[in-house]
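Participant: I would like the atomic coordinates for the input below:
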Amino acid sequence: MTRLSLAPLNLIKLENMKILLDIKDDKALHLLEVLKGLPYVKTKKLTDSKAQLMSEISEAVEEMKQIRAGKKQARDAEDFLNEL
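Facilitator: Prediction:
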């Protein structure tokens with residue numbers, strides 16, 4: 001017999017998943033209508049600048065993961081600051 005240990009319900013915290021989609025304009029309206037029809041999905045249109053910022057942050061995080069894994073060489077901080 002298998003025994004399961006269940007945490008009390010007040011200790012379980014469910015998170016909402018956030019997804020950023022990049023969709024061609026001519027297809028986006030249809031998909032948004034489908035998503036808006038689902039009661040458990042919230043949609044929010046991002047400005048182009050916010051979407052660009054989120055994309056750049058995502059790329060930076062991925063680059064940091066590659067550096068930590070030894071798959072990519074880190075840049076010197078002084079060179080980075082001089083580039084700014």
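
Participant: contacts for whichever helix in the chain runs longest, please.
Facilitator: Counting by DSSP state H, the longest helix found in the chain is helix 48-68. Under the contact criterion C-beta atoms under 8 Å, 6 or more residues apart in numbering, helix 48-68 has outside partners 20, 22, 46, 72-74. C-beta: built from backbone N, CA, C; applies to glycine.

Participant: how about the helices of this structure, start to end?
Facilitator: Using DSSP H, helices in the chain cover 25-36, 48-68, 77-83.

Participant: Lys42: which of those is closest?
Facilitator: With respect to Lys42, and counting by C-beta to C-beta, the nearest of those is helix 25-36 at 8.8 Å.

Participant: output that closest one as PDB - backbone C-alpha positions only.
Facilitator: The C-alpha trace of helix 25-36 is given here as PDB (Å, rounded to 0.1, in the frame of the first residue of the first chain):
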ATOM      1  CA  ASP A  25      -0.600  41.200 -36.100                       C
ATOM      2  CA  ASP A  26      -2.900  39.600 -38.600                       C
ATOM      3  CA  LYS A  27      -3.200  36.500 -36.400                       C
ATOM      4  CA  ALA A  28      -3.200  38.200 -33.000                       C
ATOM      5  CA  LEU A  29      -6.800  39.300 -32.900                       C
ATOM      6  CA  HIS A  30      -8.200  35.800 -33.400                       C
ATOM      7  CA  LEU A  31      -5.900  34.400 -30.700                       C
ATOM      8  CA  LEU A  32      -6.800  37.200 -28.300                       C
ATOM      9  CA  GLU A  33     -10.500  36.500 -28.800                       C
ATOM     10  CA  VAL A  34     -10.000  32.800 -28.000                       C
ATOM     11  CA  LEU A  35      -7.900  33.600 -24.900                       C
ATOM     12  CA  LYS A  36     -10.400  36.200 -23.700                       C
END
